[in-house]
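# After the sequence you'll find the predicted model.
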Amino acid sequence: MTEHLRGDGAVLRQSLYGSSVERTYAGVLSFMRRRYTRELAGVDVALSGIPLDLATTFRSGARFGPSAVRAASVQLAELKPYPWGFDPFDDLAVIDYGDCWFDGHRPATIKPAIIEHARTILRSDARMLTLGGDHFVTYPLLIAHAEKYGAPLSLIHFDAHCDTWPDDEPDSLNHGTMFYKAIKEGLIDPSSSVQIGIRTWNDDFMGMHLLDAPWIHEHGARAAIDRIVDIVGARRAYLTFDIDCLDPAFAPGTGTPVAGGLSSAQALAIVRGLDALDIVGADVVEVAPAYDHADITAIAAAHVACDLLCLWRQRKVRGQPAAQSPHK
């Protein structure tokens, strides 16, 4: 299924499938050299970026995250991903849809712009894989996914922060209150949702199941996978991965780093073990490359995104199609 293209597959590839031969240090950058297009017919997964960092509470810079993660993905497009041992693009039709457009000088328009961006993609029945941007972007993405797949969804949330601090202002932009709003609005069901890697305090975790960082360190990745699968079960789930789930030793390039987090090996092992779950959409957020060192944060984020694509490839080849809208 490979077209035997040599270079710039992001713009020269005609098929939605297959990979091209690329120089890792050159060429047109898209995520894992996927075709840049807004055509959604036949697409299994549309990757897009949301370069927003107006909702941060500490260090800004996540607006540069999508481009940094794309650049970090070049090595992942060179060989079959480890430990999977297959090219996911032989079986999974993936495009790079580019970035969501919004007017950063008109903050009240940002949330509706992201919702409409997601609706456009989801109407095609493609799954969304989104690169942030700060974590606020998950809130409008959840609104669109709950419309598509039915509310409430289960949430699989990797993070140092619970992001359920109170916020009853409907128009606020805050990357620490999205899931407070999502629970209040019935977008997610806390009783079937789980937060992994938490290590900041909140007096009210709103009924979410917590596998905090000390629990992961004590019990390990395998126990975490089993617990997540038990909590979520067969429900439709949205997965959001805040890169600050990782300890700053593994992800310094983020806006609100917290010591004591997961290693990249721990987090990737957990993500790779979630192939039994019906993950209808996902994002990887909060990469702020200005604080990075040797691109290690962006590289970790690119690996998480690649593993999510491999999970979806596994479900497709096993004959487990993407969940369809309950309204069809």
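Great, that's in hand.
# Contacts for stretch 228-240, please.
With contact meaning C-beta atoms under 8 Å, 6 or more residues apart in numbering, stretch 228-240 is reached by 135, 138, 141-142, 145, 149-150, 153-159, 188-189, 192-194, 196, 209, 211, 270, 274, 276-283, 285, 308, 323. Just so you know, the C-beta spots here come from the backbone N, C-alpha and C atoms, and that holds for glycine as well.
# Leaving out sequence neighbours, find the closest residue to the residue nearest the centre of the chain.
If you average the C-alpha coordinates of the chain and look for the closest C-alpha using C-alpha atoms, centre = their mean, you land on Asp283, 1.6 Å from that point. Excluding its sequence neighbours, the residue lying closest to Asp283 (C-beta to C-beta, 6 or more residues apart in numbering) is Thr130, at 4.0 Å.
# Over to Glu22?
Taking C-beta to C-beta, 6+ apart as the measure, Glu22 lies nearest to Arg33, with 5.4 Å between them; neighbours along the chain are not counted.
# check contacts around that neighbour.
Applying C-beta under 8 Å, 6+ apart, the residues contacting Arg33 are Gly9, Ala10, Ser19, Ser20, Glu22, Gly27, Val74, Ala77.
# Could you dump those residues into a markdown table and include distance to Ala182?
Rendered in a markdown table, the data for the contacts of Arg33 read as follows (distance: C-beta to C-beta, whole Å):
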| residue | distance to Ala182 |
| --- | --- |
| Gly9 | 37 |
| Ala10 | 34 |
| Ser19 | 36 |
| Ser20 | 39 |
| Glu22 | 39 |
| Gly27 | 39 |
| Val74 | 34 |
| Ala77 | 33 |
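# one step back: just the buried members of the contacts of stretch 228-240?
In terms of neighbour count (16 or more other C-beta atoms under 10 Å), the buried residues within the contacts of stretch 228-240 are 135, 138, 141-142, 145, 149, 153-159, 188-189, 192-194, 196, 209, 211, 270, 274, 277-283, 285, 308, 323.
# and those, which of them are in strands?
154-158, 194, 196, 209, 211, 278-283, 285 (DSSP state E).
# what separates the helix or strand hosting Ile95 from the chain centre, distance-wise?
Counting by DSSP states H and E, the element that carries Ile95 is strand 94-99. A distance of 14 Å separates the C-alpha centroid of strand 94-99 from that of its chain, computed with C-alpha atoms, centre = their mean, to the nearest Å.
# quick one: least confident helix or strand in the chain?
Across the helices and strands of the chain, mean confidence by mean pLDDT, DSSP states H and E is lowest for helix 9-12: a mean of 92.
# How about the secondary structure of the closest residue to Pro66 other than its chain neighbours?
For Pro66, the nearest residue in space outside its immediate sequence neighbours is Gly49; the separation is 2.7 Å by C-beta to C-beta, 6+ apart. Here Gly49 takes the strand state, with states given by DSSP: H, G, I helix; E, B strand; the rest coil.
# Distance check, Gly49 against Leu131.
Counting by C-beta to C-beta, to the nearest Å, the separation of Gly49 from Leu131 is 5 Å.
# out of these two, which sits in the busier spot?
When Gly49 and Leu131 are compared on other C-beta atoms under 10 Å, the one with more neighbours turns out to be Leu131, at 29 against 23.
# Find the helix or strand that the more buried one is a member of.
When secondary structure is defined by DSSP H and E, Leu131 falls within strand 127-132.
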